[in-house]
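Visitor: Okay, structure incoming, though there's no sequence with it:
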């Protein structure tokens, strides 16, 4: 083999590896976008806390003033963070 043929062979394999690498990045990017698109948007953390506290009070007697203030605070935070009607 002549040096120019060797350089040509090395150049072709480098291009094919580069093309393979680009294709792999493209496939992984598509997979990440489709996985992210399939997820339902989660409600804000403050809304989840409010729902948990409300469920807890539905089972137990939560008539003390501290719990009422806590529920009111969590409801305000949920609405502030963009949650729907809690």
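Guide: Sure, I can see it. Just so you know, these numbers come straight off a predicted model, no measurement behind them. Residues are numbered from 1 along each chain as shown.
Visitor: Following element in sequence after the helix or strand hosting residue 18, please.
Guide: Residue 18 is located in helix 3-37, with elements delineated by DSSP states H and E. Reading on from helix 3-37 to the C-terminus, the next helix or strand found by DSSP H and E is helix 45-59.
Visitor: Flag every buried residue along that following helix.
Guide: 46, 47, 50, 53 (16 or more other Cβ atoms under 10 Å). Where you see a C-beta, it was placed from the backbone N, CA and C, and this is true even at glycine.
Visitor: Can you add pLDDT and give those back as a markdown table?
Guide: Shown next, in a markdown table, are those (pLDDT from 0 to 100):
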| residue | pLDDT |
| --- | --- |
| 46 | 88 |
| 47 | 90 |
| 50 | 89 |
| 53 | 85 |
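Visitor: Okay, domains of this structure per the record?
Guide: 1-39, 45-80 (automatic domain parsing).
Visitor: Of these, which shows the lowest average pLDDT?
Guide: Note on these: lowest mean pLDDT is at domain 1-39, with a mean of 69.
Visitor: and residue 24, how far is that from residue 30?
Guide: Distance, residue 24 to residue 30, using Cβ to Cβ, to the nearest Å: 11 Å.
Visitor: hmm, I was thinking of residue 23
Guide: Residue 23 is 11 Å from residue 30, by Cβ to Cβ.
Visitor: try residue 19
Guide: 17 Å.
Visitor: most packed of the domains of the chain?
Guide: Mean neighbour counts were taken over the domains of the chain using mean count of other Cβ atoms under 10 Å, and the top value, a mean of 14, falls to domain 45-80.
Visitor: That one: end-to-end distance?
Guide: 12 Å (Cα to Cα, to the nearest Å).
Visitor: what's near enough to touch residue 44?
Guide: 78, 81, 82, 83 (Cβ atoms under 8 Å, 6 or more residues apart in numbering).
Visitor: and with 10 Å instead?
Guide: Residue 44 makes contact with 50, 77, 78, 79, 80, 81, 82, 83 under the criterion Cβ atoms under 10 Å, 6 or more residues apart in numbering.
Visitor: Much appreciated, bye for now.
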